[in-house]
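J.: Model the structure of this input:
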Amino acid sequence: MKRGLLFSAALVAAATIGLSMICGAARAGSAEAYYPKRAWGSFNGGQMNTSLLVFRDLNRNGVYDLGDRPMSRAAVELDKPNGSTIMRLTNVDGFANFRMSVIQRDLEVVDPGHYAFRVVPPPGFSVTTGNASQESDYVVSPGSPGDMIALRTTHPVGLAADLTISGAVAAGSRVSLTGPDGVTAAAKVGPDGRFSAPATSGEWLVDVSVGGAPQRRHVVVGAAPVVISAVSGKGGPEEEPLPNQHVVGFDDLMTSPGVFEIPSGYGGLNWYNLVAMHQSFTAGPGYINTTMSGEFIAYNSSGHPAQVFSDKPFDFIGAYFGVGWDDAEGETLIVKAWRGDEPAYEDQFVLSANGQVYFAADYRRITRLEIRTLHYWQAAIDDFAYRTGR
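T.: I've put the predicted structure just below:
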């Protein structure tokens, strides 16, 4: 009986609901109510970005094309109609964003008029696209996301590092460089033995006379300035290079955001305190600006010394290096190598978050490589090149 009473009560409730709907207490809505059209012509009251893209012009052809990459931490100025200037740094995707709204008056672009953009390259970089300065008129457009539009949008601005070959030699040495065009020129060597000379892309010969004993280095200049390892001192490249060349870009270790400790055995070498991650996993501009191949980058974990080692000798050819964070601009990288317990090589050079340098190490027959930073900031590393035996 109880189940029957409950069933009857349910029928009564359903009938009551149906009757109320028929009487108009609830009714189905119209398509016009569910899908309202915008009443165009009124102000929207929202905001949107007006932006400019800065990219690394890796092939230096002045065109934003396949293979080019965003440049983080590039300064972009915006001159406003009232005569003031504001600056924004590009984000991890290479965009300098300025917020625009007619109604929200505390943003960067709020008044119609003439605006001018200007990209200010970091030291050691040049504009390749010829459009560092761009101008546009902005007009009120009620109903658009920010109620204002630009009559002309910006075009991407390409930057490329000024190419150089630099290094350290014994004081009093003579250095000459022969470029791809066959022209030879002497480089000025400072009192501390350091030298730096402008270069172009291609193959170069670096000849160093140290106490009458000439030494020659073959150097390939690509998209970044090149630092060569010390020509004199312990462990010069007297051994023949090993036959099998490898390059690891750390892209085959992981496929998702996050960090991944590089395991021993990767690429046939052993790794300690080196971590791989997606270039944009953090906000560090140096990780974006150092990445050369793929989307992943390596760094020394927590800024502490890292090692690459093997029981069998290997040659360290070189790698791209930068510093991960802008607070570490000018950090010093120290690279050391051993053959067994015997020190073989040692070099140091300055890193930047704005872009990478290629360290042409040419360390031969080593068993252990140490990578450390002087002030314990994280060094970004890509395209680690080395040679092994059979």
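J.: and the closest residue to V308 other than its chain neighbours, what does it touch?
T.: The shortest distance from V308 to any non-neighbouring residue, by CB to CB, 6 or more residues apart in numbering, is to L369 (4.5 Å). In this view, the C-beta of every residue, glycine as well, is placed from N, C-alpha and C. Taking CB atoms under 8 Å, 6 or more residues apart in numbering, we find L369 in contact with Q307, V308, F309, F316, V335, K336, A337, Y363.
J.: Outline the domain layout of the protein.
T.: What the record gives for the chain is the domain set 48-160, 164-388, from automatic domain parsing.
J.: Nearest to A39, out of those domains?
T.: Closest approach to A39 among those is made by domain 48-160 (8.7 Å; CB to CB).
J.: ok so, going back, could you dump the strand or helix carrying the residue nearest to V308 to PDB, C-alpha only?
T.: With secondary structure defined by DSSP states H and E, L369 is part of strand 357-373. What follows is strand 357-373, C-alpha atoms only, in PDB (Å, rounded to 0.1, in the frame of the first residue of the first chain):
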ATOM      1  CA  VAL A 357      76.500  32.700 -27.800                       C
ATOM      2  CA  TYR A 358      77.900  29.600 -29.400                       C
ATOM      3  CA  PHE A 359      80.800  28.200 -27.400                       C
ATOM      4  CA  ALA A 360      83.200  26.500 -29.900                       C
ATOM      5  CA  ALA A 361      84.900  24.300 -27.300                       C
ATOM      6  CA  ASP A 362      86.800  21.700 -29.400                       C
ATOM      7  CA  TYR A 363      87.600  19.800 -26.200                       C
ATOM      8  CA  ARG A 364      89.000  16.400 -27.300                       C
ATOM      9  CA  ARG A 365      89.300  13.000 -25.600                       C
ATOM     10  CA  ILE A 366      87.700  14.200 -22.300                       C
ATOM     11  CA  THR A 367      85.900  12.000 -19.700                       C
ATOM     12  CA  ARG A 368      84.200  14.700 -17.600                       C
ATOM     13  CA  LEU A 369      82.800  18.100 -18.400                       C
ATOM     14  CA  GLU A 370      81.700  20.600 -15.700                       C
ATOM     15  CA  ILE A 371      79.300  23.500 -16.400                       C
ATOM     16  CA  ARG A 372      78.900  26.100 -13.600                       C
ATOM     17  CA  THR A 373      78.000  29.800 -13.200                       C
END
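J.: Mind checking what helix or strand follows it in sequence?
T.: If you walk from strand 357-373 toward the C-terminus, the next helix or strand you reach (DSSP H and E) is strand 379-388.
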